[in-house]
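Peer 1: What follows is a protein structure lacking sequence information:
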């Protein structure tokens, strides 16, 4: 989950530590039934298989791109350090992060 925009491990975060903070879960990313751009990028790049890591990877990517909209491969690896994926081999995840970054930049360009 994201706690005030920062990724935290929901399984070890006491509920009282989240009190009076903004909590975002994977379910809270979509808007009006449309996938968040990061979720869409993960789908388009086939960056998830079993679903074990998907929520953490997607939320970690949202936080990473908020802090660094154009990360390098090394910055992506560092930014998602600690997330385990048992299926994809990470290459598709890195591709999905780049895809999401490009989509976010394109959306920002249309708004501005």
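Peer 2: Here it is on my side, so go on. These numbers were taken from a predicted model, which means no experiment stands behind them.
Peer 1: Can you list the low-confidence ranges for this protein?
Peer 2: Along the chain, segments meeting pLDDT under 70 span 112.
Peer 1: Contacts made by stretch 17-26 with the rest, please.
Peer 2: When contacts are taken as C-beta atoms under 8 Å, 6 or more residues apart in numbering, the neighbours of stretch 17-26 outside the stretch itself are 1-5, 10, 39, 54-55, 58-59, 62. (Glycine included, C-beta is placed from N, CA and C.)
Peer 1: Out of those, which end up buried?
Peer 2: Those of the contacts of stretch 17-26 that meet the buried threshold are 1-3, 10, 39, 54-55, 58-59, 62, by 16 or more other C-beta atoms under 10 Å.
Peer 1: Please narrow these to those residing in strands.
Peer 2: When DSSP state E defines the strands, the subset of these inside them is 2-3.
Peer 1: Quick one: the buried ones among the contacts of stretch 17-26 as a markdown table, columns for distance to residue 106 too.
Peer 2: Compiled in a markdown table, the buried ones among the contacts of stretch 17-26 are given as follows (distance: C-beta to C-beta, whole Å):
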| residue | distance to residue 106 |
| --- | --- |
| 1 | 27 |
| 2 | 23 |
| 3 | 29 |
| 10 | 31 |
| 39 | 16 |
| 54 | 23 |
| 55 | 25 |
| 58 | 19 |
| 59 | 22 |
| 62 | 17 |
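Peer 1: Determine the set of other helices and strands touching the lengthiest helix in the chain.
Peer 2: Of all segments of type helix in the chain, defined using DSSP state H, the longest is helix 91-111. Secondary structure elements in contact with helix 91-111, counted by 3 or more C-beta pairs under 8 Å, 6 or more residues apart in numbering; DSSP states H and E, are helix 37-44, helix 54-67, helix 73-79.
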